[in-house]
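Trainee: Let's see this in three dimensions:
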Amino acid sequence: MTPKSISILGVVTLLSVIAAFVSVNLNRGYATSAGDGFLFPGLFDKVDSVTKVIVNDKDREIVVIRSKGGNWKVPASDGYSASVSQTQKSILQLAQLTYLEKKTSNEKRYERLHLEDLKRADSQARRIRLFDDGGAVLADLIVGKKRYDLPGTIAEGAYVRKPTEPQTWLVSGEIDVEVELKTWLRNEILNIREEDVLRAEIRHPDGEVVRISKENPSTRNFTLHDIPKDKKLRYDSDPDNIANVVENLEMLDARKVGKVDFADNSTVSGTYSSRSGLIAVISAVKVGEDDWVKVELVAKPDAPMPEKKGQDSAAEVAKRVTDRTDGWAFKVPGFKAERLRRSMKEMLVNKKAGS
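Mentor: Reported below is the predicted structural model:
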């Protein structure tokens with residue numbers, strides 16, 4: 001973890017401690033008995049010692065680790081960068097949980113709170129664990145239903161139990177155990193706004209080339225070129241959807257690029273030119289039910305200067321994106337890949353006589 005991230009984490013930790021302290025003192029009327037205070041006393045002092053986070057439900061398990069260099073990685077995604085904000089948030093959320101009210105210790109009633117055994121086929125529980133670099137468990141918690149009507153400054157809470165204890169608790173504090181891989185990845189691939197796209201050329205494996213453009217940014221729709229005289233667009237928005245592929249393009253998973261076969265006979269390649277001076281090449285291939293892309297981004301030598309002070313130049317944007325995408329293939333939402341693969345035949349219909 002870099003010094004900057006540590007300092008940020010320290011500030012957030014201090015604020016969380018204060019909020020938790022205030023909450024404990026305001027949440028009167030709840031009988032906590034033997035559970036006063038934090039669920040994991042001392043965890044605030046060890047947040048920088050966490051080197052592994054594991055979250056799971058009945059179907060999935062996600063592991064995030066911190067390398068010796070301080071960078072968070074997702075091993076299941078070939079070690080691609082994890083979301084630092086998501087990882088830090090989860091650690092801090094555990095550290096700030098406080099006991100509020102003792103609930104059932106009868107395992108037959110766990111299901112009502114979504115705290116049943118995760119081995120059950122119908123389990124709705126989730127589990128989160130934190131480890132240090134020696135493998136010691138710093139926190140281990142099963143998380144169930146949430147509560148949003150608690151008194152005090154922290155109105156959110158949840159039902160929880162520690163795996164080694166039968167007692168369940170209502171606790172005060174935010175706790176989100178996310179078990180979707182994309183949540184834990186640094187998932188932005190590329191973001192060229194649709195209105196910034198000037199033109200795009202999509203090459204299909206069968207040799208077809210689809211061209212779209214919008215020379216005047218105030219024009220409502222993109223133009224699809226090379227439409228035969230007896231054809232017309234089925235939907236005016238189809239060319240717009242092609243332009244939209246590079247806007248908020250996010251990953252669901254990542255692999256080293258050599259592990260995904262971008263064969264010429266199955267790969268669609270789109271070249272996008274932006275008004276801000278960027279050229280993006282998006283190559284897409286379908287592997288089974290999954291859609292994978294690889295991305296190249298460069299800045300034109302004559303790219304215009306940023307319009308706003310403090311805004312990154314095209315060269316700076318290209319370098320930032322290349323640093324995190326070079327050598328990687330990304331699984332993307334199917335609708336983005338389908339838009340890129342849209343053929344002329346799919347977008348056109350016959351003109352009616354006289355139209």
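
Trainee: what's residue 183 in contact with, if anything?
Mentor: Contact analysis of residue 183 by Cβ atoms under 8 Å, 6 or more residues apart in numbering lists 83, 86. Backbone N, C-alpha and C define where each C-beta goes, glycine included.

Trainee: how about it, secondary structure?
Mentor: helix (DSSP: H, G, I helix; E, B strand; the rest coil).

Trainee: Look up the pLDDT of it for me, please.
Mentor: For residue 183, the pLDDT comes out at 96.

Trainee: quick check: domain ranges of the protein?
Mentor: 3-184, 188-350 (automatic domain parsing).

Trainee: In terms of mean pLDDT, which of the ones you listed ranks lowest?
Mentor: domain 3-184 (a mean of 85).

Trainee: so which helix or strand takes in the closest residue to residue 115 other than its chain neighbours?
Mentor: Nearest non-adjacent residue to residue 115, counting by Cβ to Cβ, 6 or more residues apart in numbering: residue 144, 4.1 Å away. Using DSSP states H and E, residue 144 falls within strand 137-147.

Trainee: May I have the strands that pair with that strand, each with its orientation?
Mentor: Pairing partners of strand 137-147, with direction, according to DSSP bridges: strand 126-132 (antiparallel), strand 157-161 (antiparallel).

Trainee: quick one: contacts of it?
Mentor: Residues contacting strand 137-147 (Cβ under 8 Å, 6+ apart): 39-40, 43, 46, 49-50, 94-95, 97, 110, 113-115, 118, 124-132, 156-164, 168, 170, 175, 177.

Trainee: Next, the buried residues of it.
Mentor: 138-144 (16 or more other Cβ atoms under 10 Å).

Trainee: Quick check: of those, which lies closest to residue 331?
Mentor: residue 143 (27.1 Å; Cβ to Cβ).

Trainee: ok, the closest one to residue 62 distance?
Mentor: According to Cβ to Cβ, to the nearest Å, residue 143 stands 14 Å off from residue 62.

Trainee: Let me see the backbone angles for residue 167.
Mentor: phi -70, psi 130 (degrees, to the nearest 10).

Trainee: now the closest residue to it other than its chain neighbours, what's its secondary structure?
Mentor: Setting aside the residues directly before and after it, residue 167 is nearest to residue 105 in space (Cβ to Cβ, 6+ apart), at 4.7 Å. Applying three-state DSSP to residue 105 yields a three-state assignment of coil.

Trainee: Now for residue 105, how many residues are close by?
Mentor: Neighbours of residue 105 under the rule other Cβ atoms under 10 Å: 12.

Trainee: Just the buried ones out of the contacts of strand 137-147, please.
Mentor: 39-40, 43, 46, 50, 94-95, 97, 110, 113-115, 118, 125-131, 157-161, 168, 170, 175, 177.

Trainee: could you pull out the helices for the stretch 1-150 of the chain?
Mentor: For the stretch 1-150 of the chain, the helices defined by DSSP state H, counting those that start in this stretch occupy 3-26, 84-96.

Trainee: before we move on, what about the stretch 151-300 of the chain?
Mentor: Going by DSSP H, counting those that start in this stretch, the stretch 151-300 of the chain shows helices at 181-184, 238-243.

Trainee: So which bits of the shortest one are buried?
Mentor: Within helix 181-184, the residues that qualify as buried are 181-182, 184, counting by 16+ other Cβ under 10 Å.

Trainee: Please compute how far it lies from its chain's middle.
Mentor: 5 Å (Cα atoms, centre = their mean, to the nearest Å).

Trainee: can you dump the C-alpha coordinates of that helix into CSV?
Mentor: The C-alpha trace of helix 181-184 is given here as CSV (Å, rounded to 0.1, in the frame of the first residue of the first chain):
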residue,chain,number,x,y,z
LEU,A,181,-16.0,-10.6,-9.1
LYS,A,182,-16.4,-7.3,-11.1
THR,A,183,-17.0,-5.4,-7.8
TRP,A,184,-13.5,-6.4,-6.6
